[in-house]
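Q: Here you go, sequence then predicted model.
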Amino acid sequence: MTESRNLTIVLKKAKEFKFENRSLPQPKANEVLLRIENVGICGSDVHYWWEGKCGRFVVDSPIVLGHESSGTVVKCGPGVRNLKAGDRVAIEPGVPCRRCIFCKEGNYNVCPEIKFCATPPVDGTLTQYFCHPEDFCF
C-alpha cells in the first residue's frame with residue numbers, strides 16, 4: 001500500500017465540517033486496517049450535524065461521523081486469523097468489552113462499556129482508512 005494520507009471529514013461543531021488529512025492508522029493486535037468504500041448517513045449523524053448532539057451524546061470536541069460502513073481489508077494486525085488483505089467486509093460499529101455479563105450472554109449490544117463509532121468521543125468512519133477489530137468485521 002502506497003497511500004500515506006487519510007482524508008477525513010471532521011465535524012467541528014453543529015453545521016461545521018472540515019476536511020482533514022490525518023495520518024494513516026496502523027492496526028493493533030486483532031485489528032484490520034480497512035479502506036472505507038461506503039458509509040451510510042444515519043439519523044444520528046444528521047442530529048449531530050444539525051444540533052451538535054443526539055440524545056444524551058453531545059459533540060464537545062471534533063468528531064468523525066459515520067458508522068454504517070463497508071470496506072476492503074488493506075492490512076492485518078498481529079493475531080488476525082480469519083481475514084486477509086483484499087477481503088470485503090461490513091463493520092459492526094458497536095465494539096463491546098467482551099467481558100461483562102451482557103457480553104458473555106450474547107447481548108453485547110447492551111454492554112455498558114460499548115464503544116460505538118461516531119458516538120462521542122469515538123470517531124466514526126467518514127474517512128479513507130479506518131482500523132476495526134477483526135471480530136466485528138463481517
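A: Received the coordinates, thanks. Predicted model, so just to flag it, every value in this text is computed and none were measured.

Q: chain center to the lengthiest helix in the chain, what's the gap?
A: Of all segments of type helix in the chain, defined using DSSP state H, the longest is helix 43-51. Offset of helix 43-51 from its chain centre (C-alpha atoms, centre = their mean, to the nearest Å): 17 Å.

Q: List the buried residues for it?
A: For helix 43-51, a neighbour-count test (16 or more other C-beta atoms under 10 Å) marks 44-45, 47-49 as buried. Any C-beta I mention is one placed from the backbone N, CA and C, and that applies to glycine too.

Q: Ok, stretch 28-45 next?
A: For stretch 28-45, a neighbour-count test (16+ other C-beta under 10 Å) marks 31-36, 39, 42, 44-45 as buried.

Q: gap between the strand or helix carrying Cys103 and the chain center?
A: Assessed by DSSP states H and E, Cys103 sits inside helix 101-104. Mean-position distance between helix 101-104 and its chain equals 22 Å (C-alpha atoms, centre = their mean).

Q: Residues contacting it, please?
A: Residues from elsewhere that reach helix 101-104 (C-beta atoms under 8 Å, 6 or more residues apart in numbering): 96-97, 108, 110-112.

Q: Buried members of the residues you listed into ChimeraX, please.
A: Selecting only the buried entries of these in ChimeraX, with 16+ other C-beta under 10 Å as the criterion:
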select :96,108,111
